[in-house]
Structures are given as structure tokens and as C-alpha cells.
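K.L.:
I would like the atomic coordinates for the input below:
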Amino acid sequence: MSEFNLNILGCGSATPSLRHLPACQVVDYRGQLMMVDCGEGAQLSMRRLGLKFSRLGHIFISHLHGDHCLGLPGLLSTLALHQKGGSLTVHTFADGVEMFSRMMDFFCRERTFELKFNVIDPTKRGVVLDLPSLTVESFPLRHRVPCVGYLFREKPKQRHLVGDLVRFYNIPVSQLKAIKDGADFVTPDGVVVPNDRLTTPADPSASYAYCSDTVYSPQLAEVVRGVDLLYHEATYADDSAHKARARFHSTASEAARIARDAGVGALVLGHFSNAYNSEARHLEEARAIFPDTIAAREGLVIEVRSKK
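P.N.:
Okay, here's the model as predicted:
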């Protein structure tokens, strides 16, 4: 398995369904688990996929509709029962901090981990998590309530050392990081050895964008431009486009237009209405516009890799 994977735990919409669970995903980046939305059934789905509670460090909530956050109290309570250590940060709006804090004080006052909250402004785009090799950015979406999407983007990777030349020039270990970051090497007698002689190009960085829930917004294509993997809600097929507009959701073909206009690598459809017995129509309509489209399903694991 690669170092950057997307796990689909739930891809249904608001009304419960026997086919799909409410919205929930887990991004696994180099062993660090980050959950995106936390609908009911999240903790059971983590168990089914073998995702360890102890590795969960961040939960990103897109908005405060129940199908995106009502799995959180149960999950946090279970983490306390399992005596999870360390800390867990929930990224949400100010109203969410108040609501979830009261829930946890009632259901789970005593816990073995530090519960932190990072308050997100749903009206602004900005970095909400900055890790050594990855950033997570939130950006506004257009829904009936304040809502954001999330963009996971790897930072530029280090170049690869050419081992034979490192040994030939007897380069000190203390200088290897700088060389991998692009620095030249200067020998003791002042000869400059250019970096492109000592290294080969770095592996390309990968990116993933999560867009749920939102009415069709052409300007969104600029926000997610060039990402390698895009998840975009597709609650309805074209036969219910009027419902999508009225309820501030999108159709599969509208999601495909965003993917096409943004030049993304691949598109994953999700947040399916329970009115449909399959996603065949969604896929047909989306692939007519953007062929590299798949439908999300519970248990699906997708490698996020650069298309460059």
C-alpha cells in the first residue's frame, strides 16, 4: 500500500439507506489517519477496514448537518474506552466547538486523550493543518448552511541522492539533507559540484480535494485546479437536477464539469441519494463529460498518486 491513501467509510446522503452509510472518509498519510466528516457508523467502518483508533489524530468536519457529524460523539466515547493516548483535534466551526464540547462533557467527561478544537472560518480559504510533509486547506462551499471542502496537498519532496557520487566526493552526513533539498556541494578545495550531478529529480507530490456538500459552482474548478484526485458530491442524476438546485446539492454531470474544467487526475462521485438503487446513471452521465470517473462505495481504498 502506498503512503497516501483514501478510505471510503460512507458515501450516502442524509436519509438512511441499506446501501450506503452517511458521509465519512479517512485519509491515511504515512500512517497518520485523518478523518473527513464523521457520519453515523464511522467507528464500525474503521474496524471493518482495519484502521486503528490509536492512529487517528485529526477529524475535519465539512458542515453541521447530522449525516456528516453525528458519528462523532460515539467515536470519541469509544476512543476514551480504548484509553487512546496523545491528542485528537477536531476541525470545525465555532458552533460545532460549542455543540461537541457539551456532548463530550456529558457523555465522556473523563478521557485519556487531549481533545482539541481548531475553529474554522467557513467564509475564508486557508491552511488549517500544516504537517512537515503535508498541508490541509479548507475552502468555502455553497450549501444551505456554512460548509467547507478540504484540500490535502503534499509539500515538494526531496531529491534522490546518487549514492556512488556521495561516496566519491566523501560528502559529510551533515550536508546530505541540504543537498536533497537542492543545495550544491563545495569540496574542501573549493570545487562546486552542482546539485543535478549529485541527485536525481524528486518524486512528484500528490493532492486530494474533498467537496461535499455544494450546489454546482463553476468557480470551484479554480480552487481544486490540477489536483490528482477529486471527490465531489453527486447526490442526484440529471433527472433530479431541479432537486439539486433547490437543496443546494449537485448532480453527477455537474461534478464531472468541475473535474473537467479543473483538469484533475480522477473523479470520485459520492453522497448518493437513497432514491437510486445503483450508481449506473450517475456514472454514465459523468463519464460522458469526464471519463476518468468512479463511484465511491464503502470499503473502497484509493491510492492518491500524482498524475504528472
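
K.L.:
what does the longest helix along the chain rub up against?
P.N.:
Assignment by DSSP state H gives helix 94-107 as the longest helix of the chain. Residues outside helix 94-107 that contact it (C-beta atoms under 8 Å, 6 or more residues apart in numbering): 61, 64, 69, 72-73, 76-77, 90, 92, 111, 115, 117, 119. From N, CA and C alone the C-beta is placed, and that goes for glycine too.

K.L.:
quick one: buried ones out of these?
P.N.:
Ile61, Leu64, Cys69, Leu72, Pro73, Leu76, Ser77, Val90, Thr92, Arg111, Leu115, Phe117 (16 or more other C-beta atoms under 10 Å).

K.L.:
turn the residues you listed into TSV, columns for distance to Leu300, pLDDT and secondary structure.
P.N.:
Below are the buried ones among the contacts of helix 94-107 laid out as TSV (distance: C-beta to C-beta, whole Å; pLDDT from 0 to 100; DSSP: H, G, I helix; E, B strand; the rest coil):
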residue	distance to Leu300	pLDDT	secondary structure
Ile61	22	98	coil
Leu64	26	97	coil
Cys69	22	96	helix
Leu72	22	95	helix
Pro73	26	92	helix
Leu76	25	91	helix
Ser77	27	89	helix
Val90	25	97	strand
Thr92	25	98	strand
Arg111	31	83	coil
Leu115	29	91	strand
Phe117	30	97	strand
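
K.L.:
and Trp166, which of the three is it?
P.N.:
Quick fix: residue 166 is Val, not Trp. helix (DSSP: H, G, I helix; E, B strand; the rest coil).

K.L.:
without its sequence neighbours, what residue ends up closest to it?
P.N.:
Leu198 (6.7 Å; C-beta to C-beta, 6 or more residues apart in numbering).

K.L.:
neighbours of that neighbour, just the number please.
P.N.:
23 (other C-beta atoms under 10 Å).

K.L.:
same thing with Asp239?
P.N.:
The number of residues packed near Asp239 is 12, by other C-beta under 10 Å.

K.L.:
so who does it touch?
P.N.:
Applying C-beta under 8 Å, 6+ apart to Asp239 gives the contacts Arg281.

K.L.:
do that again at 10 Å, thanks
P.N.:
Contact partners of Asp239, counting by C-beta atoms under 10 Å, 6 or more residues apart in numbering, are Thr251, Ala275, Tyr276, Arg281, Glu285.

K.L.:
from Ala266, how far out is the last one?
P.N.:
The span separating Glu285 from Ala266 equals 17 Å under the rule C-beta to C-beta, to the nearest Å.

K.L.:
could you pull out the helices for this protein?
P.N.:
42-48, 66-69, 72-81, 94-107, 163-168, 176-180, 195-198, 220-223, 241-246, 252-262, 280-287.

K.L.:
compute the inter-axis angle for the third one and helix 94-107.
P.N.:
Angle between the axes of helix 72-81 and helix 94-107 is 50 degrees (criterion: axes from the mean of the first three to the mean of the last three C-alpha atoms, to 10 degrees).

K.L.:
which other helices and strands contact helix 72-81?
P.N.:
Packing partners of helix 72-81 (3 or more C-beta pairs under 10 Å, 6 or more residues apart in numbering; DSSP states H and E): strand 32-38, helix 42-48, strand 56-60, strand 87-92, helix 94-107, strand 114-119.
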